[in-house]
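1. From the sequence below, what's the structure:
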Amino acid sequence: MSADYPRRSTRAVMALGVVTMLGGCGNPPAPPPVVVTPIPARPVAAARPAPVAPPAVNPLEGTDDNIPKYEANGRRDPFEIYQVRGGSDGLSVASTRLTGIVRNSGAALALLEAPDGIGYILRPGDTLGDGRLMDIGLDNVVFAVVAKPGAPITRVVLKLAN
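-> Residues are numbered from 1 along each chain as shown. As a prediction, this is how the structure comes out:
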């Protein structure tokens with residue numbers, strides 16, 4: 001083989017590339033002419049009025065017979081708004097009883113029971129009656145209680161009953 005062989009192959013490849021590029025630079029052939037055939041028009045039918053739907057009727061409206069009634073049978077009605085009021089006429093922290101403390105790795109919950117038997121599950125920062133739960137210990141909870149607006153804050157500690 002001659003020493004000129006690599007140059008010849010390189011020149012041949014370059015020449016082939018130039019020929020290929022120049023061959024593609026011409027004008028593309030013209031597309032065939034487009035023939036448009038008109039579509040005959042269809043007769044338009046007379047527009048019919050849209051049917052009118054009867055007004056929506058609420059089956060529970062107007063008759064008291066269809067409305068379900070809650071029978072309390074001595075229980076609190078779950079459909080009524082229940083508000084815990086603080087002060088002398090409502091729930092006070094001192095009248096509640098600490099029934100349990102639930103802990104996991106990140107949080108603690110206090111289980112309290114009011115004199116009327118209703119239970120409450122509280123986290124630190126929650127309010128109950130006239131107090132706000134400040135801390136949950138191992139066997140006690142600490143509330144901050146304000147007896148009257150403007151009065152100093154009293155600390156109330158509830159302990160678990162053994």
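
2. CA only for contacts and neighbour counts going forward, please
-> OK.

3. per-residue confidence at Ser110?
-> For residue 110 the amino acid is Ala, not Ser. Ala110 is assigned a predicted lDDT (pLDDT) of 94.

4. Identify the residues contacting it.
-> Leu98, Thr99, Gly100, Ile101, Val102, Tyr120, Ile121, Leu122, Arg123, Ile136, Val141 (C-alpha atoms under 8 Å, 6 or more residues apart in numbering).

5. hang on, isn't the first one packed against Leu111?
-> Yes: using C-alpha atoms under 8 Å, Leu98 is in contact with Leu111, at 6.1 Å.

6. between those two, who's got more neighbours?
-> Leu98 (21 against 17; other C-alpha atoms under 10 Å).

7. Not counting sequence-adjacent ones, nearest residue to the more buried one?
-> Spatial nearest neighbour of Leu98, excluding adjacent residues (C-alpha to C-alpha, 6 or more residues apart in numbering): Leu112 at 4.6 Å.

8. Which positions in stretch 152-162 come out as buried?
-> Residues of stretch 152-162 classed as buried by neighbour count (16 or more other C-alpha atoms under 10 Å): Val156, Val157, Leu158.

9. The second one touches Val142, doesn't it?
-> Looking back up the chat, that one is Val157. Yes: using C-alpha under 8 Å, Val157 is in contact with Val142, at 4.6 Å.

10. pretty sure Gly117 is in a helix, no?
-> No: assignment of Gly117 by DSSP: H, G, I helix; E, B strand; the rest coil gives coil, placing it outside any helix.
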